[in-house]
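A.B. asks: Using only what follows, build the 3D model:
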Amino acid sequence: MNVNRIAVVFAGLIVFASVSMANAGSVSGKARVAGKESAANIVVYLEGVQGTFKFPEKRPEVNHINLQFAPPVSAVLKGTTMDFPNSDSVFHSAFSISPSNPFDLGLYQKGREKFVLFKNPGVVELFCHIHSHMHGFILVLDNPYFSVTNDGGEFDLANVPDGDYTIKAWANPTTVMTKTVSVAGNRTVNMDFTLTASR
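C.D. replies: Sure thing, here's the model as predicted:
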C-alpha cells in the first residue's frame, strides 16, 4: 500500500467549523522542501481561527504497514480520537513521549486496533518499541483548517471564514515556514511554500 496515497486520503478528513459558510473562502497552493524529490506529507494549517468545531464522522487512523507508520505525518483537531490498527504480520508497540500527549499502546498483533484521544495541541512524535526505525508525527491542532500535501505538494484549505490568519507549512519540528493570509468572501487565495531543511 502506498504510504503517500494514505496521507492524501487522510487530508480529506478535514472537519469544519460551526460558522456561517455563505461567504467562506479557501486557501490553496503547493508546498515543498527545497532539495527533496517528494513534496508529500507537509502539513499546511491556519492559526487563529475561532469557532466551535465538529469532529469527523469517521475516526482518522495511523496504520502499521510494511513496518512503517502510514501515513508518516498526520494532523488532527484537538479532542480527536485516532485509531492505530496493525496491518502487519508482526507485533507492534506504538508509543510517544511527547509532553503534550504521551501514550504507550503496548504490544498487539495483526488485525488488532488500539486508539488514543489527543486532548492537547502540540507535536506528537511516534515510535515503536520493537522496530526502532519506525518514526512518524501527528500534529494536534486547535482548529480543523489543515491539509496534508500529496506527492505534488498540493494542499487546499476549504470553507475558511473571513479574517487575517497566520498560515504555516510544517514538514518536521525544525522545518517550518510561516506566512500571513487574508481571506475575504468566497474567493480562493493561492500561495506556495518552499521550506528550507535545517542542517
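A.B. asks: Beta-bridge partners for the residue most central in space within the chain, please?
C.D. replies: Centroid-nearest residue in the chain, with C-alpha atoms, centre = their mean: Ala75, separated by 2.1 Å. Here Ala75 shows beta-bridge partners Leu139, assigned using DSSP bridges.
A.B. asks: now it: how far from Lys58?
C.D. replies: Per C-beta to C-beta, to the nearest Å, Ala75 is found 15 Å from Lys58. C-beta: built from backbone N, CA, C; applies to glycine.
A.B. asks: got the domain boundaries for this structure?
C.D. replies: 18-52+147-199, 54-142 (automatic domain parsing).
A.B. asks: Would you single out the least confident of those?
C.D. replies: Of all the domains of the chain, domain 18-52+147-199 carries the lowest average pLDDT, namely a mean of 92.
A.B. asks: Run the chain-centre distance for that one.
C.D. replies: Relative to the centre of its chain, domain 18-52+147-199 is centred 11 Å away, using C-alpha atoms, centre = their mean, to the nearest Å.
A.B. asks: Going forward, the N-terminal residue is numbered 29.
C.D. replies: I'll keep to 29 as the first residue from here, and by that count the last item is domain 46-80+175-227.
A.B. asks: related to what we said a few turns ago, report the separation between the residue nearest to the centre of the chain and Ile70.
C.D. replies: Taken as C-beta to C-beta, the span from Ala103 to Ile70 is 10 Å.
A.B. asks: Which residues are in contact with each of these two?
C.D. replies: Here Ala103 and Ile70 have Val176 as joint contacts, going by C-beta atoms under 8 Å, 6 or more residues apart in numbering.
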